[in-house]
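Enquirer: no sequence for this one, just the structure:
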């Protein structure tokens, strides 16, 4: 979303060129919503702006304006003049190529698409089961105590850790690479709807759901997930291997929670509580903190 | 006169769609409305059994759709209630014999003849369900107070919302108040919390329903008063636009229980 204030003169398009020139590649592939306030803009200027955005690989879709003249001009050129009420996308997040290269080692799908639902835990589980068998020290005591404190526990221990171990075709474990640093998110997606059983919502960037996520529904995002409602289904944040991703919800009682390559399930005794919580990875485990975090 | 098309669905099988359809249709007919109940479960028809009209079937829904008979000929009139009709499903065909467009056409034809059209949906979310949903003005979702039927109801509500048939209205069937008070069953609040749609009726578990189904007499026609009969009559009233307060099922049971406890203490 690009806002242009009213104070500037005619040269606002040129000012945008300068501004966008600073981060040329960052913008590529997005959609633009141009907010012009009360400014009166004619067709020529809008066309110039569209051309400018195209130069940066951006598509001008929507023009928001308080001025009737501007709105008519925008409509004339085929732009939307208001935001869609439901499920609008605020820009699209392109995965930078270097992040993809890194996440190859992390996610089973090297193309950088969201990993398939079944493949990830299955692979991770079998990997960990094997590990659990020949390495008893694996579920060590400190981890256990961490589980108890956090209120979230790994699924039977076997699920609790590195799903991210990539397995090469011969079944040998490759050396685990460091997770990629937090990737710059160019945007997110807002979904104003209760997701009922059978629904699947996927987005490369951040996801905000205003409504519940019922059992049987799944939400998968490359970035963070915020649910303004109750989570009873499956939520996967940081699906490309972003360990710093978080999941926030007004009530967090999911069937399964995944962040990056880690999986957790809701402990049975937790179902009665209903406080907003934020789940994140701390010391290699998914933990849930009260949200907002009080000092 | 323009008929209101009400589809009764649940997703899961065995929760009581057919029983609910038969009883609501009968209750509205008893209140003087013109009602047609259509069985959409082609290949596994049941509604005719529950309504006790099995032996009078000559033509069925597929015959109408394929033009072998006129609509009027397939409508079986229930002799006990002159304004109650049934259009049975074909038993020897399957759901592919009817398309959603066919159902819309049949309901359009009925539009000017009756007040209410009830569609009894088959279980599942495939062809038969889609046939029954297409012409609906209103969808009633039936669920039982247990995990799997609530989950399936949630899926159904998602689909009907996507088809813009509204969020639907909920009937909770086979409720056992004593099990809820012991905490062994989903409570009404738990179900409403998950499904988040309007509740139009709660039907308690009642042995009379099984008995009346076997006899082919819907429980609302039963001479004896029962909780289930009262519940169905209330739902029919609510569908007809009269807000009737909900029965207090738990209280009644508790009183009974308290009386029993008191009686056994006296011994």
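Expert: Received the coordinates, thanks. Quick caveat, the model's predicted, so the values are computed rather than measured.

Enquirer: Near chain A, which residues of chain B? Just list them.
Expert: With CB under 8 Å from any CB of the partner chain as the criterion, chain B comes near chain A at residues B:151, B:152, B:154, B:155, B:157, B:158, B:159, B:161, B:194, B:196. For every residue, glycine as well, the C-beta is placed using N, CA and C.

Enquirer: Give me the distance between the third one and residue B:221.
Expert: Put plainly, it is residue B:154. Distance from residue B:154 to residue B:221, counting by CB to CB, to the nearest Å: 33 Å.

Enquirer: Can you pick out the residue with more neighbours from those two?
Expert: Shown here are residue B:154 and residue B:221; by other CB atoms under 10 Å in any protein chain shown, residue B:154 has more neighbours (31 against 20).

Enquirer: tell me the SS of that one?
Expert: Secondary structure for residue B:154, judged by DSSP: H, G, I helix; E, B strand; the rest coil, is helix.

Enquirer: Hmm, residue A:232 and it touching each other?
Expert: No: with contacts counted by CB atoms under 8 Å, residue B:154 stays clear of residue A:232, the gap being 9.5 Å.

Enquirer: list residues touching both of those two?
Expert: A:214, A:215, B:194 (CB atoms under 8 Å, 6 or more residues apart in numbering or on different chains).

Enquirer: Quick check: the residue of chain B found nearest chain A vs residue B:218, distance?
Expert: Relative to chain A, the nearest point of chain B is residue B:158 (3.4 Å; CB to the nearest CB). Distance, residue B:158 to residue B:218, using CB to CB: 31 Å.

Enquirer: what's the answer for residue B:109, then?
Expert: For residue B:109, the distance to residue B:218 equals 25 Å [CB to CB].

Enquirer: With neighbour numbers in mind, choose between these two.
Expert: Ranked by neighbour count (other CB under 10 Å), residue B:109 and residue B:218 place residue B:218 first, with 29 against 14.

Enquirer: Flag every buried residue along stretch A:55-69.
Expert: In terms of neighbour count (16 or more other CB atoms under 10 Å in any protein chain shown), stretch A:55-69 has its buried residues at A:56, A:58, A:60, A:61, A:62, A:63, A:64, A:65, A:67.

Enquirer: Give me every residue in the stretch 151-295 of chain A lying close to chain B.
Expert: A:194, A:195, A:196, A:197, A:198, A:199, A:212, A:214, A:215, A:216, A:232.

Enquirer: For those, which single residue is the most surrounded?
Expert: residue A:196 (28 neighbours).

Enquirer: which ones are touching that one?
Expert: Counting by CB under 8 Å, 6+ apart, residue A:196 makes contact with A:214, A:216, A:217, B:154, B:155, B:157, B:158, B:161.

Enquirer: gap between stretch B:221-235 and the chain center?
Expert: In terms of CA atoms, centre = their mean, to the nearest Å, the centre of stretch B:221-235 is set 14 Å apart from its chain centre.

Enquirer: Please apply the same query to stretch B:14-26.
Expert: Relative to its parent chain, stretch B:14-26 has a centroid offset of 3 Å by CA atoms, centre = their mean.

Enquirer: now swap in stretch B:56-64 and tell me
Expert: The mean C-alpha position of stretch B:56-64 is separated from the chain mean by 21 Å, CA atoms, centre = their mean.
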